[in-house]
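# how does the following fold in three dimensions:
(one chain, ligands or ions: 1)
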Amino acid sequence: MDKTLKGVLRPLKGTVKVPGDKSISHRSVMLGALSEGTTHVTGFLNGADCLSTISCFRKMGIDIELSEDETEVTIHGKGIRGLQKPSEILDCGNSGTTTRLLSGILSAQDFDSELTGDESIQKRPMKRIMKPLSEMGAEISSIRGNDCAPLLIHGQKLHGIRYVSPVASAQVKSAILFAGLYAEGDTTVVEPALSRDHSERMLKALGADISTRILPDGRAEITVSHCDKLSAPKETLEVPGDISSAAYFISAALLVPGSDIVVQNVGINETRAGILTAYRSMGADITLENRRMSGSEDVADIRVRFTEGLHGTEIGGALIPQLIDELPVIAAVAAGAEGDTVIKDAAELKVKESNRIAVMVDGLKTLGIEALETEDGMVIKGQGRGLKVQSGEIDTHKDHRIAMTFAVLALAGSESTEVKLLDADCISISYPGFYEDLASL
Ligand code: S3P
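Numbers count the residues shown, from 1 in each chain. This next block holds a predicted model:
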């Protein structure tokens, strides 16, 4: 389905609540399945990716109940050794998180399994998990020999390792930590900078022995011990709103003059909230209200007021893993700032659901915004208050974050601006009601 969006000529006002966090929703099902007892989850993200995770665990004998609107989930955990050999190939759909984290778990089972996904997943790099898991003793191979899915996994007895990862990736880290639960001895991952730590927080809450240390050079070292038992949480696990989804409204409010909005109940875990740091460094007026803890995650309502004179900035280094999924929409906001915005150290963007550097630069140029692709990021020439978004057709490459980014940028156009999004329905991967919620503001 294609969709055409037009400029809005009035400010965005009001309050919006975004769906549950994608990363936390995936982990609630995976670790709920491996826990002893029943895990109740509310605020679950009913996007296609998290439903893929549920479907995979059901195929391994886990009883999972879903409410009608698919935002409440009950997982009847069978303990760390309770998974059964799946009767068929596990289909991870479009979800990198499902593919990689599940591979870590499957590597340690006493059965064989095969795992695949859609066209995009079959092109995404899996060597990054195959290498460390193999070092732990796993037998994991790419069926087509191209280091991508489909993957064949012969479950094995694993042993702990110390793995120095070349990338700050929570998917790589979590795959190793999940395998580490089963491994003999301790398993340590060192990453160049701390990536999102939802796995660590949830594992700790369920009783695993896990610790994190920031090394003097800024790298993060996470160690998990062998684990015989995880215990389902006594309280309901309330998934906070996804800051990666909130990002589109925060950004829209910064692009449309006069806007003043509140996004309620958003997870602001500091390993995820880099977008707030980046926008504040551009001069944005963003405040946090009603700060609280929800289980082991930090939550707040985010108020954003359109700010005159937003200026370009440089985004790189340890901030990148804290806003990796938000970089496309940050690039869109940069178009409306004064001066250049430089995004660097972000080569990981090339191996997301699409090559988000190439696709963003192409899309920005299509809409009349000067942007330059670099080796590890991009440079966006901000137009300031004079921002003119031209009409054009955007190939989303079926990447949900690209579709939502250009839907937001279209709002900054004039009455005659028409931005046509190809395959606009790909947003259902992470935010099925996105266009309706955007319209509500
Ligand atoms: C995720 C980690 C990130 C992120 C993805 C979700 C996770 O990927 O881009 O959307 O839930 O662990 P990488 O670990 O590959 O950076």
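# helix, strand, or coil at Leu438?
The three-state label given to Leu438 by DSSP: H, G, I helix; E, B strand; the rest coil is helix.
# chain neighbours aside, what residue packs nearest to it?
Ala407 (6.5 Å; C-beta to C-beta, 6 or more residues apart in numbering). Where C-beta positions appear, they are placed from N, C-alpha and C, glycine not excepted.
# so that neighbour sits against Leu255, correct?
No - assessed by C-beta atoms under 8 Å, Ala407 is found out of contact with Leu255, at 11.3 Å.
# returning to what we had before: so the residue nearest to Leu438 belongs to a helix, correct?
Yes - checked against three-state DSSP, Ala407 lies within a helix.
# how close does it get to Pro86?
37 Å (C-beta to C-beta, to the nearest Å).
# those two - which one has more neighbours?
Neighbours per residue (other C-beta atoms under 10 Å) separate Ala407 from Pro86, with Ala407 holding more: 24 against 20.
# ok, now which ones touch the more buried one?
3, 5, 248, 419, 421, 424, 434-435, 438 (C-beta atoms under 8 Å, 6 or more residues apart in numbering).
# in terms of pLDDT, where does it sit?
pLDDT, Ala407: 98.
# tell me how far it lies from Asp69.
23 Å.
# how about stretch 44-62 as PDB, C-alpha atoms only?
Output of stretch 44-62 as PDB, limited to C-alpha atoms (Å, rounded to 0.1, in the frame of the first residue of the first chain):
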ATOM      1  CA  PHE A  44       3.200  -5.400  24.800                       C
ATOM      2  CA  LEU A  45       4.000  -4.100  21.300                       C
ATOM      3  CA  ASN A  46       1.600  -5.800  18.900                       C
ATOM      4  CA  GLY A  47       3.800  -5.100  15.900                       C
ATOM      5  CA  ALA A  48       4.700  -7.800  13.400                       C
ATOM      6  CA  ASP A  49       8.200  -8.200  14.800                       C
ATOM      7  CA  CYS A  50       7.200  -9.100  18.400                       C
ATOM      8  CA  LEU A  51       4.400 -11.300  17.100                       C
ATOM      9  CA  SER A  52       7.100 -13.300  15.200                       C
ATOM     10  CA  THR A  53       8.900 -13.900  18.500                       C
ATOM     11  CA  ILE A  54       5.600 -15.200  20.000                       C
ATOM     12  CA  SER A  55       5.000 -17.500  17.100                       C
ATOM     13  CA  CYS A  56       8.600 -18.900  17.300                       C
ATOM     14  CA  PHE A  57       8.200 -19.700  21.100                       C
ATOM     15  CA  ARG A  58       4.800 -21.300  20.500                       C
ATOM     16  CA  LYS A  59       6.400 -23.600  18.000                       C
ATOM     17  CA  MET A  60       8.800 -24.700  20.800                       C
ATOM     18  CA  GLY A  61       5.900 -25.700  23.100                       C
ATOM     19  CA  ILE A  62       5.400 -22.500  25.100                       C
END
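# that stretch close to the ligand?
No - Stretch 44-62 lies out of reach of the ligand by C-beta under 6 Å from any ligand atom, never closer than 8.6 Å.
# now swap in stretch 247-258 and tell me
No - against the ligand, stretch 247-258 shows no contacts by C-beta under 6 Å from any ligand atom, the least distance being 12.0 Å.
# which one of the contacts of Ala407 sits closest to Leu367?
Proximity of the contacts of Ala407 to Leu367 (C-beta to C-beta) peaks at Val419, which lies at 6.7 Å.
# isn't the closest one up against Leu367?
Yes - taking contacts as C-beta under 8 Å, Val419 lies within contact range of Leu367: 6.7 Å.
# what touches both of those two?
The contact lists of Val419 and Leu367 share 389, 391-392, 394, 406, 409, 413, where a contact means C-beta under 8 Å, 6+ apart.
# from the residues you listed, which ones fall inside strands?
Using DSSP state E, the subset of the shared contacts of Val419 and Leu367 located in strands is 392, 394.
# of the shared contacts of Val419 and Leu367, which is the nearest to Asp186?
Closest to Asp186 out of the shared contacts of Val419 and Leu367 is Phe406 (45.4 Å), distances taken as C-beta to C-beta.
# and that closest one, how many residues sit next to it?
When neighbours are counted by other C-beta under 10 Å, Phe406 comes out with 28.
# that one: what's it in contact with?
So Phe406 contacts 5, 332, 363, 367, 394, 396, 419, 421 (C-beta under 8 Å, 6+ apart).
# so the nearest residue to it once chain neighbours are set aside bridges to which residues?
Distances taken as C-beta to C-beta, 6+ apart place Ile394 nearest to Phe406, at 4.6 Å, with adjacent residues excluded. For Ile394, the beta-bridge partners are Leu421 (DSSP bridges).
# before we move on, what about Val16?
Val263.
# that one contacts Glu436, correct?
No - in this structure, Val16 is not within contact of Glu436 by C-beta under 8 Å, at 10.4 Å.
# so the two - more neighbours on which side?
Val16 (19 against 8).
# per-residue confidence for the more buried one?
97.
# from the ligand, how far out is it?
21 Å (C-beta to the nearest ligand atom, to the nearest Å).
# same question for Asp63.
24 Å.
# grab the nearest non-local neighbour of that residue.
That would be His76: by C-beta to C-beta, 6+ apart, it lies 4.2 Å from Asp63.
# count of residues packed around that neighbour?
16.
# try Lys388
Neighbours of Lys388 under the rule other C-beta under 10 Å: 13.
# my guess is it meets Gly368, correct?
Yes - assessed by C-beta under 8 Å, Lys388 is found in contact with Gly368 at 6.0 Å.
# okay, helices next: where are they in this protein?
22-34, 48-58, 96-106, 127-135, 170-182, 198-205, 243-255, 274-281, 320-323, 327-335, 356-366, 400-411, 434-440 (DSSP state H).
# any idea how far Thr374 is from Lys3?
30 Å.
# compare the two and say which is more crowded by neighbours.
Lys3 (17 against 14).
# what parts of the stretch 151-300 of the chain come near the ligand?
So the stretch 151-300 of the chain meets the ligand at 169-171, 174, 195-196 (C-beta under 6 Å from any ligand atom).
# top of those residues by number of neighbours, please.
Ser174 (30 neighbours).
# can you tell me the closest non-neighbouring residue to that one?
Ser199 (4.2 Å).
# what's the burial count for the one you found?
29.
# would you mind measuring from the closest residue to Ala168 other than its chain neighbours to the ligand?
Of all residues not flanking Ala168 in the chain, Pro321 sits nearest, at 4.1 Å (C-beta to C-beta, 6+ apart). As for Pro321, its distance to the ligand is 7 Å (criterion: C-beta to the nearest ligand atom).
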